[in-house]
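Engineer: for reference, the sequence and a predicted model appear below.
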Amino acid sequence: MESYLKNSRRTFLNASGISLGGIAMADLLCSESSAEESASAARQPHFPAKAKSVIYLHMVGAPSQLDLFDDKPMLRQYHNQPCPPEVTKGRDFAFIGKTSTLAGSPWKFRRCGQSGQSLSELLPELGTVADELAVIRSIHNDEINHAPAQMFLHSGFGRGGRPSLGSWVTYGLGSENADLPGYVVLVSGPKGGAGTSLWSTGFLPSVYQGIQFRSEGDPVLFLSSPEGHSRNDRRRVLDAISKLNQERLEATGDPEIETRISQYEMSYRMQASVPELMDITGETKQTLEDYGAEPGKASFANSCLLARRLVERGVRLVELYDADWDHHNNLEKRLSAKCGETDRPIAALIRDLKQRGLLQDTLVVFGSEFGRTPLNQGATNGKGLTGRDHHKDAYTMWLAGGGVKGGVSFGRTDDFGMDIVENPVHVHDLNATILHLLGLDHERLTYKYQGREFRLTDVHGKVVEEILA
């Protein structure tokens with residue numbers, strides 16, 4: 001009898017619409033500041049922002065900072081000599097032992113721009129915009145292997161399950177375009193390391209998930225209507241599904257159902273907005289040549305041009321993942337080839353943004369999960385450079401536009417490039433700075449999950465004031 005009464009009370013509460021889920025849903029619908037509102041709705045930052053959007057250039061696999069950004073003449077002087085034991089004492093590497101030889105860069109460095117930024121000869125085009133860059137040569141990460149380090153950089157945690165930077169940003173700010181996602185991902189080359197988990201929403205509502213756009217075929221998977229079905233057919237189907245979802249939402253109060261309704265409607269609008277966005281044939285011949293972009297081709301150059309088009313339309317965060325920077329061997333040939341693919345479009349992106357008046361509102365970030373060692377990986381037979389192992393303790397990233405002080409060099413490593421000796425910047429500090437430029441206080445941008453207030457920077461992070469304009 002007691003069991004029957006309990007079940008009857010539960011049935012009554014559910015049917016009456018005053019279940020715990022119903023009460024929660026009522027509160028949710030009444031709150032104008034609901035965390036579940038559409039990510040396409042722009043929201044106010046914590047304080048006046050210097051940047052409205054971010055283009056994040058992530059080089060998957062980790063380029064060698066010692067061959068691109070951090071010139072070490074002493075390494076060249078002692079190239080192929082045994083590494084002093086004190087340099088590697090107490091340190092672990094991913095693949096090489098502690099008795100490897102020192103490896104100087106085979107490429108020359110030069111001073112670029114009025115600021116005299118030191119850049120490798122592998123980056124001639126980037127050198128033309130050197131005065132826009134704030135180069136941080138003292139970044140460090142906690143993780144030594146690719147996938148954990150990538151997740152730590154993007155989510156503040158070395159394992160899956162936490163929201164990415166892009167999800168945190170769209171959760172905090174939304175997007176200025178109701179017809180496009182607030183967080184878009186472009187991939188050139190095969191996914192590496194942590195793959196799609198890098199743009200995961202984690203425990204945040206799934207409306208803040210990064211959406212991957214593609215340069216070939218359907219720009220977004222399953223966006224096109226099936227053959228033989230018109231947009232009117234799709235509209236009728238969506239209306240019917242929306243009605244059923246709304247009834248279920250009212251019964252259960254599950255916020256993910258509201259996300260589903262919102263995303264179905266976004267997908268319908270994207271059927272019109274995305275094809276126009278992805279069609280770069282309308283760009284001038286000069287613009288296409290500047291980027292090295294080719295309509296209909298999947299490439300990093302096309303991704304850079306699309307990134308400009310996306311922020312131009314109010315997308316909040318665009319992340320470009322470019323693969324094949326993990327050079328444990330054949331580094332001289334492979335690094336040169338990768339720079340040949342990326343140097344020109346990155347410089348073109350910065351120039352294009354500046355010419356259109358977008359750079360002041362767009363923060364461009366370039367970097368990776370970690371750097372490379374000043375030690376040779378593999379036998380060199382007394383000459384050349386074979387490869388470099390992972391190095392999490394000291395590497396380089398740079399920022400441009402969006403409230404950053406151009407022409408700045410911040411942080412310094414020792415003569416071998418092994419350790420930071422001046423102004424260390426942890427990846428939590430980097431993320432705190434990115435959020436700050438967007439008008440978000442990293443300590444206030446929180447989400448309660450499993451009884452705890454979480455944030456991107458965990459319990460760490462400080463803004464790098466020295467690089468702010």
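Structural biologist: Looks like it came in fine.

Engineer: show me the strands in the stretch 301-450 of the chain, by range?
Structural biologist: Assigned by DSSP state E, counting those that start in this stretch, the stretch 301-450 of the chain shows strands spanning 317-322, 362-367, 371-372, 390-391, 395-401, 408-410, 412-413, 420-422, 425-426, 447-449.

Engineer: likewise the stretch 51-200 of the chain?
Structural biologist: 53-59, 109-112, 117-120, 133-140, 183-188.

Engineer: return the helix or strand in the chain with minimum mean pLDDT.
Structural biologist: In the chain, no helix or strand scores lower on mean pLDDT, DSSP states H and E than helix 20-30, which sits at a mean of 40.

Engineer: domains in the chain, as residue ranges please.
Structural biologist: Per the record, the chain has its domains at 1-30, 52-467, by automatic domain parsing.

Engineer: do you know which of those lies nearest R43?
Structural biologist: domain 52-467 (4.7 Å; Cβ to Cβ). Glycine gets a C-beta too; all of them are placed from N, C-alpha and C.

Engineer: chain center to that closest one: distance?
Structural biologist: Going by Cα atoms, centre = their mean, to the nearest Å, the spacing between the C-alpha centre of domain 52-467 and its chain's C-alpha centre is 4 Å.

Engineer: ends of it, how far apart?
Structural biologist: Terminal residues of domain 52-467 lie 18 Å apart, using Cα to Cα, to the nearest Å.

Engineer: tell me, how many neighbours does the residue nearest to V421 when sequence neighbours are not counted end up with?
Structural biologist: Excluding the flanking residues, the one nearest V421 by Cβ to Cβ, 6 or more residues apart in numbering is D414, at 5.1 Å. By other Cβ atoms under 10 Å, the residues close to D414 number 15.

Engineer: now do the one 4 residues further on
Structural biologist: Other residues within reach of M418, judged by other Cβ under 10 Å, total 22.

Engineer: and it, how far from D393?
Structural biologist: Applying Cβ to Cβ, to the nearest Å, the value for M418 to D393 is 7 Å.

Engineer: and R110, by the same measure?
Structural biologist: Look at R110 and D393: by Cβ to Cβ, they are 27 Å apart.

Engineer: out of these two, which sits in the more crowded spot?
Structural biologist: D393 (20 against 15).

Engineer: so the residue nearest to the more buried one when sequence neighbours are not counted bridges to which residues?
Structural biologist: Excluding the flanking residues, the one nearest D393 by Cβ to Cβ, 6+ apart is H140, at 5.3 Å. On the basis of DSSP bridges, H140 is bridged to H426.

Engineer: what's the burial count for H140?
Structural biologist: 20.

Engineer: check what pLDDT it gets.
Structural biologist: Note for H140: predicted pLDDT of 98.

Engineer: give the contact list for it.
Structural biologist: K392, D393, A394, Y395, I420, P424, V425, H426, V427 (Cβ atoms under 8 Å, 6 or more residues apart in numbering).

Engineer: tell me the bridge partners for the fourth one.
Structural biologist: So the one you mean is Y395. Bridge pairing for Y395 - DSSP bridges - gives I139.

Engineer: so it makes contact with V135?
Structural biologist: No - using Cβ atoms under 8 Å, Y395 is not in contact with V135, being 11.5 Å away.

Engineer: just name the most buried of the domains of the chain.
Structural biologist: Highest mean neighbour count among the domains of the chain (mean count of other Cβ atoms under 10 Å): domain 52-467, with a mean of 19.

Engineer: endpoint to endpoint, stretch 171-186 covers what distance?
Structural biologist: First-to-last residue span, stretch 171-186, Cα to Cα: 20 Å.

Engineer: report the contact partners of P106.
Structural biologist: So P106 contacts D67, E332, G384, L385 (Cβ under 8 Å, 6+ apart).

Engineer: likewise for P190?
Structural biologist: So P190 contacts A323, D324 (Cβ under 8 Å, 6+ apart).

Engineer: what about it, distance to Y171?
Structural biologist: For P190 relative to Y171 (Cβ to Cβ), the value is 29 Å.

Engineer: what do you get for A348?
Structural biologist: In terms of Cβ to Cβ, A348 sits 31 Å off from Y171.

Engineer: same deal with K392?
Structural biologist: Distance from K392 to Y171, by Cβ to Cβ: 28 Å.

Engineer: how close does L358 sit to I211?
Structural biologist: For L358, the distance to I211 - Cβ to Cβ - is 21 Å.
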